[in-house]
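Q: Need coordinates for the following:
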Amino acid sequence: MYETNDRELVVAIQKGNIIAYEKLVVRYQRGLFVFVMRIVHDEAVASEVVQDALFNVYRHISRVDPERKFSTYMFEIAKNTAFSAIRSKKATVSLEEIVDIEDDEPFIEQIFRSDRIASVKLAVSHLPQKYKRVITLYYFHELSYEEVSRELHIPVNTVRTHLKRAKVALRKKLHYEENT
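A: Numbers count the residues shown, from 1 in each chain. Alright, predicted model coming up:
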């Protein structure tokens, strides 16, 4: 029985042959999964990455040069897709946040709480420096208005103003993130 090579399959797919694409998927799916697993270490993510990579190859098949080695192109797409998945993964929790989690909270509430803490810390990091310092000292170091005033060498009313403006900015930032 004659085995179609990658070049022939690519040319056939470029001409609109869906069966050729299915053959290509069958040929590469398992190998791509094993390859991607070494990068992402998560079966569900690896499966999604492989599907995305195969779909992207199909969408951009007209750009593929059939004279070049297809497997190199295919694995490069899978690698880039895997790295993109890792970068976009938002459900990371630092060790510091895990320590802050109460033992008596149900697990799912702990995860939501730690994710919210991470979101708040990220939003604070994007504030202007003068607001970031006041927020950090007041909320994270639990200093009073007067203590923040002494620490930063600014009037107490300026501390209040910076806190108020920082909270408005954080509210907008966090509301925007929840709605995206």
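
Q: Go through stretch 137-157 and flag the buried ones.
A: 137-138, 143, 145, 148-149, 152, 154 (16 or more other CB atoms under 10 Å). Yep, even glycine has a C-beta here, placed from its N, CA and C like the rest.

Q: Do me a favour and get the end-to-end distance for it?
A: 15 Å (CA to CA, to the nearest Å).

Q: do stretch 121-129 as well
A: Start-to-end, stretch 121-129 (CA to CA) is 14 Å.

Q: So which bits of it are buried?
A: Quick answer for stretch 121-129 (16+ other CB under 10 Å): 123-124, 127.

Q: Sitting in helices, which of the residues you listed do you find?
A: 123-124 (DSSP state H).

Q: Return the closest of the buried residues of stretch 121-129 with respect to residue 53.
A: Proximity of the buried residues of stretch 121-129 to residue 53 (CB to CB) peaks at residue 123, which lies at 32.6 Å.

Q: out of everything not next to it in sequence, what's closest to the closest one?
A: With sequence-adjacent residues excluded and distances taken as CB to CB, 6 or more residues apart in numbering, residue 123 is closest to residue 173, at 4.4 Å.

Q: pretty sure that neighbour contacts residue 124?
A: No - counting by CB atoms under 8 Å, residue 173 sits too far from residue 124 to count as a contact (9.0 Å).

Q: looking at it, residue 137 is touching residue 147, isn't it?
A: Yes - when contacts are counted by CB under 8 Å, residue 137 is listed as touching residue 147 (7.5 Å).

Q: So the protein: which segments form each domain?
A: Segmentation of the chain into domains, based on automatic domain parsing, reads 6-88, 95-178.

Q: Need the winner for burial among the ones you listed.
A: Burial among the domains of the chain, expressed as mean neighbours by mean count of other CB atoms under 10 Å, is greatest for domain 6-88, which shows a mean of 16.
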